[in-house]
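**Q** Pasting the sequence and the predicted model now:
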Amino acid sequence: MMEPLLADLFQHIAYWFWFPLRVLAMVMMGISDIAKKSLVVTAYNTVENRALIETYFIVVVFLCLVSYMNWLFKILIVKPSKKIYRILKGNDIGEKKSFFVAISGSIGVGKTTLCLEIGNLMKMQVYEEAVTGNKYLDDFYENMKKYSFHTQVSFLNQRYQQHKIIDNEIKKESKIGHIQDRTIYEDKIFATILNKDNLLDERDYQTYLDLLGNMLIDLKMPDIIIYLKVSPENSLTRIKTRYVLCY
């Protein structure tokens, strides 16, 4: 479960590390070139002074890199970790006693597993994704184009109802936390895919967007949304494994 998160983190670190390194290298080469051509720094042409100057610039580059990596570590790891810890402990900014965490990600990424683990560890109320109860789902798989709008609105309504339950619990100012598997904010992704695949016509799609927008006005956003990432290949493998285990 942590593998995609670590891979994504290292990808960002590699990007933010190599980019400034290349810039500094280019600056160093430019200064070196200027020094070679400058009439003032004539001593650069001697072997001893050239080695001294180049060593000096290497030290400067190294110190800049150390300072940059320290800043990068604080931005990517320390600050997010402290933020998550404060929210999960219910000690975030202000006098907030109840808190709301949501788990986001594609199918098969491990949302439910993480949701249950955090809920059990932090004694939080868990709200699993409603995958049953959609009265249009069977018809949708029989005729996607005909029932895509009905199915999507039904799912949207389920997510809205679940979110409202969480909102009402938070308003009671209880100390218990709430963690949700899949949010209403991701619902638009499925509708957009249906629209792009010509399974949801433009008129129905715009009606859906209007309905979603009106619903979101009435909802409190989660204090934090944890996004889990997985490759399509791993996601498909996990879905197949889940299907085998179920049947």
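**A** It's in.
**Q** Am I right that Arg182 is in contact with Val131?
**A** No - between Arg182 and Val131 there is no contact under C-beta atoms under 8 Å: 9.2 Å. Heads up, the C-betas are built off the backbone N, CA and C, glycines and all.
**Q** Look at the two and report which has more neighbours.
**A** The neighbour count for Arg182 versus Val131, taken as other C-beta atoms under 10 Å, is higher for Arg182 (23 against 12).
**Q** which residue packs closest to that one, ignoring adjacent ones?
**A** Leaving aside its sequence neighbours, Arg182 sits nearest to Glu129 (C-beta to C-beta, 6 or more residues apart in numbering; 4.1 Å).
**Q** How about Leu156?
**A** Spatial nearest neighbour of Leu156, chain neighbours left out: Asp187 (5.2 Å); criterion: C-beta to C-beta, 6+ apart.
**Q** do the same with Ile184
**A** Spatially, and ignoring its direct neighbours in sequence, Ile184 is nearest to Arg159 (4.1 Å; C-beta to C-beta, 6+ apart).
**Q** Following the chain past the one helix or strand that neighbour maps to, name the next helix or strand.
**A** Assigned by DSSP states H and E, Arg159 belongs to helix 144-171. Next along the chain after helix 144-171, taking DSSP H and E as the criterion, comes strand 178-181.
**Q** So which residues make contact with that following strand?
**A** 98-103, 111-112, 115, 118-119, 122, 124-129, 162-163, 166, 169-170, 222 (C-beta atoms under 8 Å, 6 or more residues apart in numbering).
**Q** Just the buried residues from these, in ChimeraX please.
**A** Under the burial definition 16 or more other C-beta atoms under 10 Å, those of the contacts of strand 178-181 that qualify are selected in ChimeraX by:
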select :98,99,100,101,102,103,111,115,118,119,124,125,126,127,129,162,163,166,169,170,222
